[in-house]
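> how does the following fold in three dimensions:
(one chain, ligands or ions: 2)
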Amino acid sequence: KDTYTQPGTSPNTPNTLPYESAEGPRMNATFVTLARNSDIWEIAKSIRHVEDRFNRRYNYDWVFLNDQEFDDNFKKITTSLVSGKTKYGTIPKEHWSFPEWIDQSKAEKVREDMKAKKIIYGDSVSYRHMCRYESGFFFRHPLMLDYEWYWRVEPSVELYCDIHYDTFKFMADHGKKYSFVISLYEYVETIPTLWDSVKGFMAKFPQHLEKDNTMGFVSDDGGSTYNHCHFWSNFEIGNLNWLRSQAYIDYFNHLDRDGGFFYERWGDAPVHSIAASLMLKKEEIHFFNDIAYYHVPFTHCPTGEETRLKLKCHCNPKDNFDWNGYSCTSRFFDVNGMQKPEGYEKEQH
Ligand code: GDP
Ligand code: MN
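Ligands and ions are numbered 1, 2, ... in the order given. As a prediction, this is how the structure comes out:
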């Protein structure tokens, strides 16, 4: 690329720093962000973190999706920050609206009740469309069909450690399909009948259930009830072909029919997490201890000083949420018979 001089800068300042590209082939992968035009500065911050810690050496593409058209300002700024190709997609109306079987007045009544109870986003229509879209549609957007792997990034997230390897290649090489960095308990008020719907799905589609699954992560009684654990889906690295599989589509359609995205406020985090726990093999779900991450209000800071120093981490280990009583990560380790990282006891609180 030619260098050019930005207005107001010294003629000696090139417009790009010479970043060293990582060797080796690239995976068929992309970052993906759902955002509004008004999210521009918050997503700019996230991109800067992702680029500095990882993508400046890998140059993966970045797909942006929006229920409205992205404006030129959004495109200009994000394109300047992403080292790979940027693509901008508008979401088709059918994927961001009420399905015809939803009773509008029942849904409205629910929003009023949830507002009175001060349930977070309880009165929001757009938040419900967002959760439903992330649960069942983003992976089928035409721009996403070209890819096999995705990494979801939200506005205002931070990465605190260098990532020295290709996380997508890691997933492929180790037979992983879904991953997380933070897990926690869902607000019961937002998903009271989600598990009933899941049980309906399990009864109707037993062929989609994996025998060697992680049921123990989401249920303490072999599947009778939900324990509310979920992987926090604002961070995800995952396999798009899994989400596009008949098993996942049957699962999503079944849940969607039951209407809880609108009659309650089902989040895409429990929806993805339950799917992964029931339909993937144990070893297909990965916990990235070495990806240090923040999304308000929780932090994942790797346990183990050696890791933090080696990866030039700048998170405070005291902020690590993993071994806190509200985190489900300890349960994930137990269910999988995994050894907890050295020093975890000291971080329990
Ligand atoms: P929270 O993390 O649950 O508090 O929810 P966010 O406000 O971060 O929303 C989750 C994701 O969906 C973020 O990437 C937002 O930018 C995006 N998002 C939320 N609502 C809308 C919306 O109405 N339109 C669009 N295009 N994106 C949205
Ligand atoms: Mn968010």
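
> which residues touch the worst-scoring helix or strand of the chain on mean pLDDT?
Lowest by mean pLDDT, DSSP states H and E among the helices and strands of the chain is helix 305-310, with a mean of 95. Outside helix 305-310, the residues within contact range by Cβ atoms under 8 Å, 6 or more residues apart in numbering are 161, 289-290, 292, 301-302, 313, 315, 317, 341, 343. (Each C-beta comes from the backbone N, C-alpha and C, glycine too.)

> which SSE is immediately downstream of that helix?
Later in the chain than helix 305-310, the nearest helix or strand by DSSP states H and E is helix 329-335.

> packing partners for that following helix?
If you count contacts as 3 or more Cβ pairs under 8 Å, 6 or more residues apart in numbering; DSSP states H and E, helix 329-335 packs onto strand 183-185, helix 215-218, strand 285-287.

> now the strands for the stretch 151-300 of the chain?
Using DSSP state E, counting those that start in this stretch, the strands of the stretch 151-300 of the chain run over 158-159, 178-180, 183-185, 229-231, 236-239, 285-287, 293-295, 298-300.

> re earlier: would you mind finding the most buried of the helices and strands packed on helix 329-335?
Greatest average neighbour count among the helices and strands packed on helix 329-335 goes to helix 215-218 (a mean of 23), per mean count of other Cβ atoms under 10 Å.

> and that one, how far out from the chain middle?
Chain-centre distance of helix 215-218: 19 Å, with Cα atoms, centre = their mean, to the nearest Å.

> what does that helix contact?
With contacts defined as Cβ under 8 Å, 6+ apart, helix 215-218 is touched by 222-223, 226-227, 229-230, 273-274, 277-278, 328, 331-332, 334-335.

> go through the residues you listed and name the one nearest ligand 2.
residue 230 (14.5 Å; Cβ to the ion).

> quick check: beta-bridge partners of the closest one?
residue 184 (DSSP bridges).

> tell me the contacts of the closest residue to residue 39 other than its chain neighbours?
Closest residue to residue 39 apart from its sequence neighbours, by Cβ to Cβ, 6 or more residues apart in numbering: residue 155 at 4.6 Å. Residues near residue 155 by Cβ under 8 Å, 6+ apart: 33, 35, 39, 42-43, 45-46.

> how about residue 329: what's its closest non-neighbour residue?
The spatially closest residue to residue 329, leaving aside those adjacent along the chain, is residue 322, at 4.5 Å (Cβ to Cβ, 6+ apart).

> distance of that neighbour from residue 306?
In this structure, residue 322 and residue 306 are 17 Å apart, going by Cβ to Cβ, to the nearest Å.

> and the two? Which one has more around it.
Between residue 322 and residue 306, counted using other Cβ atoms under 10 Å, residue 322 has the larger neighbour count: 26 against 10.

> whatever residue of the chain ends up closest to ligand 2: neighbour count?
Nearest residue of the chain to ligand 2: residue 154, at 4.2 Å (Cβ to the ion). If you count neighbours by other Cβ under 10 Å, residue 154 ends up with 17.

> helix or strand next in line after the helix or strand containing residue 51, which one?
Following DSSP H and E, one finds residue 51 within helix 40-53. Downstream of helix 40-53, the first helix or strand assigned by DSSP H and E is strand 61-66.

> tell me the strands beside that next one, with direction?
According to DSSP bridges, strand 61-66 forms sheet pairs with strand 29-34 (parallel), strand 86-90 (parallel).

> mind listing what's buried along the first one?
Counting neighbours by 16 or more other Cβ atoms under 10 Å, one finds that the buried residues in strand 29-34 are 29-34.

> now distance to ligand 1 too, for those residues, in JSON lines please.
Listed next are the buried residues of strand 29-34 as JSON lines, based on distance: Cβ to the nearest ligand atom, whole Å:
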{"residue": "29", "distance to ligand 1": "19"}
{"residue": "30", "distance to ligand 1": "15"}
{"residue": "31", "distance to ligand 1": "12"}
{"residue": "32", "distance to ligand 1": "10"}
{"residue": "33", "distance to ligand 1": "6"}
{"residue": "34", "distance to ligand 1": "4"}
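
> which one of the residues you listed is nearest residue 56?
The closest of those to residue 56 turns out to be residue 31 (Cβ to Cβ; 12.8 Å).

> list the contacts for the spatially closest residue to the closest one that is not a sequence neighbour?
In this structure, residue 31 finds its nearest non-sequential neighbour in residue 62, 4.3 Å apart by Cβ to Cβ, 6+ apart. By Cβ under 8 Å, 6+ apart, the residues touching residue 62 are 30-33, 47, 78, 82, 84-87.
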